[in-house]
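**Q** Please find the sequence and the predicted model below.
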Amino acid sequence: MGPQLFGRDEGDGVEVLSDPAWLRAFDAAYAAALALGAPELLTPEENAVLAHRWTIVLGPPDVPEQQRA
């Protein structure tokens, strides 16, 4: 974490996350939340693509429906 972690948003003047590594982590978490939290919105293939960056680092989630099958 360096001095570039946050930057000022020009539109409303508040501090926002600007570090590229943390922005990539946010993108991965956001995509995984969509894929794993609302899987009915997309096809299984689309969900796999969205969750890929998350699952390669943390592994697949513990989903109760999958454990019962």
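**A** Looks like it came in fine. Residues are numbered from 1 along each chain as shown.

**Q** contacting residues around residue 32?
**A** By Cβ atoms under 8 Å, 6 or more residues apart in numbering, the residues touching residue 32 are 50-51, 53-55. For glycine as for every other residue, the C-beta is placed from the backbone atoms N, C-alpha and C.

**Q** Out of those residues, which sit inside strands?
**A** Among those, no residue falls in strands (DSSP state E).

**Q** Out of these, which is nearest to residue 24?
**A** Among the contacts of residue 32, residue 53 lies closest to residue 24 (Cβ to Cβ), at 8.2 Å.

**Q** Flag the shaky bits of this structure, pLDDT-wise.
**A** Regions of the chain meeting the criterion pLDDT under 70 cover residues 1-3, 63-69.

**Q** Now with 50, please.
**A** The model of the chain has pLDDT under 50 over residues 66-69.

**Q** coming back round to it: quick one: which of the contacts of residue 32 is nearest residue 34?
**A** Using Cβ to Cβ, residue 50 is the member of those that lies nearest residue 34, at 5.9 Å.

**Q** Now do the residue nearest to that closest one when sequence neighbours are not counted: how many residues are near it, please.
**A** Excluding the flanking residues, the one nearest residue 50 by Cβ to Cβ, 6 or more residues apart in numbering is residue 35, at 3.7 Å. If you count neighbours by other Cβ atoms under 10 Å, residue 35 ends up with 22.

**Q** now do residue 50
**A** For residue 50, the neighbour count with other Cβ under 10 Å is 20.

**Q** From residue 14, how far off is it?
**A** 28 Å (Cβ to Cβ, to the nearest Å).

**Q** Tell me where the chain has helices.
**A** In the chain, the helices defined using DSSP state H lie at 20-37, 44-58, 64-68.
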